[in-house]
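Novice: model the following, please.
(2 chains)
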Amino acid sequence: MNEEKIIKLQQFAKRVRNHIVPMASDGGCFLGASLSAVDLLTYLYVDHLNLHKGNLKDENRDYLFLSKGHDVPALYGIFAELGWIEADRLKNHLSTEDHIYWHPNRNIPGVEFHSGSLGQLPSVSIGVAMDIIIRGGENRVYCVMGDGELNEGSCWEAFLVANAYKLDNLTFIIDRNNFQANMATEDLIPLESLVEKFESFGMMTQRIDGHDFNALEKAFSNIKGQTGAQVIICDTVRGKGLPSIEARADRWFCNFSQPEIQELLVELNEGFGANLVAETLVVR
Amino acid sequence: MMTYEKLLEKTALEDDRFIVMTAENRALVRNLPTSLGNRFIDTGITEQTMLGVAAGLALRGRKPVVHALSAFLTMRAFEFTRTSVGIANLPVKLSSFIPGVLSDGNGPTHQAIEDISIMRGIPGMEVFAPADEEDLIEMLPQIWATENPSYVRINTRPALLKHKPYVFGKAEQIFEGKDCTILTYGFMLEESIKAHQLLSDLGFQVGLVNIRNLKPFDGDLISKLASQTSCFITIEDHFLTGGLFSILAEHLVKNQILIPTHSIAFEDRWFKPGRLAEVLVHEGLDAKSLVEKIQNFIQK
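Specialist: Okay, the predicted model is just below:
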């Protein structure tokens, strides 16, 4: 990937983060989990998926299912940047007059399916991938999952089925930010070694820096021509872009005051540390 | 003679929206892999994954007909049915094998006697309980024709009578009777028919309704019968809570209809497993026991 393209993607991702941060106020959102997924989602929507404003309902489009769900502010930000929804509409976050809330739903153009209950969308993705294969389609299916989500047994049941049916058009993407709701994953139900786990389920598995656009491009070019479902583990940082909340177990759901949001935006764009007094670990 | 499997095969061959799925329960669909090819999908013993996959297939325009034992189809997979199928109101058709007392010797792990209660709680979900194989074959084309999710208590036992044509959402009134009217569904129609005969022999005028649909519920017929009969008696192989007795009570209260109403159901307990005929006697659900109970209700 050339330098110009990397800068373009980085700038896009920063604009997306600028959409996300204000949603962490006046009711709040899952800020940390949203920021970890921004770069990998930016790469997918801007540079990889066969998905654009004109084909959002086309049966030959690529499908991206956001299984972790609570990172949907990242999708909203991306959709606003892509012009699929009006950027102004994000101000309706948590208003009952709109459909923009803590978890995804299909009323928002570009959202393929609702989620929020962890471990549900791996199997839904399998159904879509199976149908594409039955119909002889060339399109692909991507299922973005959280690492904490991997605690759910239904994920592993689905991986067994994905392997059994050799779904070469299906890619599971793990946003490996090392935290689940309240804790570091390895301090509760250790997931490592993840690569070996996925490989033992018969899936071609890659592990990359999920904030590195070069690495993302390389990994996603490698999934073509495989004989079964694949996994890309993206090592990421919870809260990426805001050092004052990065990689902290207690900054999962965030609800900041307006002055704090302004400080966070300055931190995001100019690099100064934000002064935060909001309570931490508001568990939803 | 048309069977469940033949009807499903015919339906799927005529309409390629249909996909037949099973969580490795092939009793009803043993011959379909050959005729349907890749539109037959067995996900293994994974009820919840099967329902999720079915939702995905339905998102692509398919109508999956999914098969598993009732207890696991309704309960192991419940959240997938409620959340992935139900919230999106996708046309996934659940075929529930060995519901109610039909799990005979399996034991409480396999007893789906809360299935009606929990499935009707899902917005948009349609719930049916055909009385026997003839009733099943009569009802299924209309059940599968809707664009809503549905749950069907599968019952392939032979019919004891010739059923009336099925009108979607309508119950089948088999007999009229001023002394009482039995409301029942699924397998329990068998014993209810026998009980009706015994009661008639004793001189009672007993009505009998094959409810057919638990949701949508034929409230119009109930409202009409309430002025023609002395009491309602619900008979069901289901917990007392949430099943037909509850549905009837909801209808009567909502419409401010006052009529004596009695229930024969499992009250807060599982049933004793065994051979079906013995289970019925043990649980007081055989025709003879029903007659005794109904006589007591009438004389109250």
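
Novice: so who does the residue nearest to residue A:165 when sequence neighbours are not counted touch?
Specialist: Excluding its sequence neighbours, the residue lying closest to residue A:165 (CB to CB, 6 or more residues apart in numbering or on different chains) is residue A:130, at 6.3 Å. Backbone N, C-alpha and C define where each C-beta goes, glycine included. By CB atoms under 8 Å, 6 or more residues apart in numbering or on different chains, residue A:130 lies in contact with A:165, A:167, B:41, B:53, B:56, B:57.

Novice: of all those residues, which comes closest to residue A:158?
Specialist: The shortest gap between residue A:158 and any of these belongs to residue B:53, at 8.2 Å (CB to CB).

Novice: partners of the helix or strand containing residue B:20, with directions?
Specialist: Using DSSP states H and E, residue B:20 sits in strand B:18-22. Each strand that strand B:18-22 pairs with, and the sense of that pairing, follows from DSSP bridges: strand B:40-42 (parallel), strand B:63-69 (parallel).

Novice: quick check: which of those is nearest to residue B:135?
Specialist: Checked against CB to CB, the stretch from these lying closest is strand B:63-69, at 17.8 Å.

Novice: which residue, other than its chain neighbours, is closest to whatever residue of chain B ends up closest to chain A?
Specialist: Residue nearest to chain A within chain B (CB to the nearest CB): residue B:56, separated by 2.0 Å. Nearest residue to residue B:56 in three dimensions, chain neighbours excluded: residue A:127, at 2.0 Å (CB to CB, 6+ apart).

Novice: who touches stretch B:259-271?
Specialist: Stretch B:259-271 is touched from outside by B:101, B:108, B:111, B:113, B:226, B:229-241, B:243-245, B:248-249, B:252, B:279, B:282-285, B:290, B:293, B:297, B:300, with contacts defined as CB under 8 Å, 6+ apart.

Novice: the residues you listed in strands, which ones?
Specialist: Of the positions in the contacts of stretch B:259-271, B:232, B:233, B:234, B:235, B:236, B:237, B:238, B:239 sit in strands, assigned by DSSP state E.

Novice: rebuild those residues as CSV, extending it with pLDDT, neighbour count and distance to residue B:217.
Specialist: Conversion of the ones in strands among the contacts of stretch B:259-271 to CSV gives the following (pLDDT from 0 to 100; neighbours: other CB atoms under 10 Å in any protein chain shown; distance: CB to CB, whole Å):
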residue, pLDDT, neighbour count, distance to residue B:217
B:232, 98, 26, 13
B:233, 98, 26, 17
B:234, 98, 26, 12
B:235, 98, 25, 16
B:236, 98, 28, 13
B:237, 98, 30, 18
B:238, 98, 30, 14
B:239, 98, 21, 18
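
Novice: export those residues as a markdown table, with columns for distance to residue A:66.
Specialist: What follows is these, written out as a markdown table (distance: CB to CB, whole Å):
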| residue | distance to residue A:66 |
| --- | --- |
| B:232 | 49 |
| B:233 | 51 |
| B:234 | 45 |
| B:235 | 47 |
| B:236 | 42 |
| B:237 | 42 |
| B:238 | 38 |
| B:239 | 38 |
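
Novice: nearest to residue A:91, of the residues you listed?
Specialist: Within the ones in strands among the contacts of stretch B:259-271, distances to residue A:91 taken as CB to CB reach their minimum at residue B:239, with 48.4 Å.

Novice: close enough to count as contact, the closest one and residue B:114?
Specialist: Yes - with contact taken as CB atoms under 8 Å, residue B:239 and residue B:114 are classed as touching, separated by 5.2 Å.

Novice: wait, which of the strands paired with strand B:18-22 is closest to residue B:214?
Specialist: For the strands paired with strand B:18-22, the distance to residue B:214 is smallest for strand B:63-69, at 18.8 Å, taking CB to CB.

Novice: about what we covered before: out of the contacts of stretch B:259-271, which are buried?
Specialist: Of all the contacts of stretch B:259-271 considered here, the ones buried according to neighbour count by 16 or more other CB atoms under 10 Å in any protein chain shown are B:101, B:111, B:113, B:226, B:229, B:231-240, B:243-245, B:248, B:252, B:279, B:283, B:285, B:290, B:293, B:297.

Novice: thought residue B:81 was touching residue B:51?
Specialist: Yes - between residue B:81 and residue B:51 there is a contact at 5.2 Å, judged by CB under 8 Å.

Novice: more neighbours: which of those two?
Specialist: Taking neighbours as other CB atoms under 10 Å in any protein chain shown, residue B:81 and residue B:51 compare with residue B:51 leading, 35 against 28.

Novice: would you mind listing what in chain B touches chain A?
Specialist: Residues of chain B found near chain A, taking CB under 8 Å from any CB of the partner chain as the criterion, are B:38-39, B:41, B:43-44, B:46, B:48-62, B:64, B:79-80, B:83-84, B:87-88.

Novice: can you tell me the SS state at residue B:183?
Specialist: Recorded secondary structure, residue B:183: strand (DSSP: H, G, I helix; E, B strand; the rest coil).

Novice: isn't it up against residue B:213?
Specialist: No - shown here, residue B:183 and residue B:213 do not form a contact pair, counting by CB under 8 Å, at 12.0 Å.

Novice: among the residues of chain B next to chain A, which are in helices?
Specialist: Restricting these to those inside helices, with DSSP state H as the criterion, leaves B:48-59, B:79.

Novice: tell me which parts of chain A are close to chain B?
Specialist: Contact residues, chain A versus chain B (CB under 8 Å from any CB): A:59, A:106, A:112-114, A:117, A:120-135, A:154, A:157-158, A:160-161, A:164-165.

Novice: hmm, which of the residues you listed are the buried ones?
Specialist: When those are checked for burial by 16+ other CB under 10 Å, the buried set is A:112-114, A:117, A:120-134, A:154, A:157-158, A:161, A:164-165.

Novice: what does stretch B:201-210 contact?
Specialist: Residues beyond stretch B:201-210 that count as contacts (CB under 8 Å, 6+ apart) turn out to be B:131, B:135, B:163, B:171-185, B:189, B:192-193, B:196, B:199-200, B:221, B:225, B:228-229, B:291, B:294-295, B:298.

Novice: give me the buried subset of these.
Specialist: B:131, B:135, B:163, B:171-174, B:177, B:179-185, B:189, B:192-193, B:196, B:199, B:221, B:225, B:229, B:291, B:294-295, B:298.

Novice: so where's chain A uncertain?
Specialist: Applying pLDDT under 70 to chain A flags residues A:280-284.
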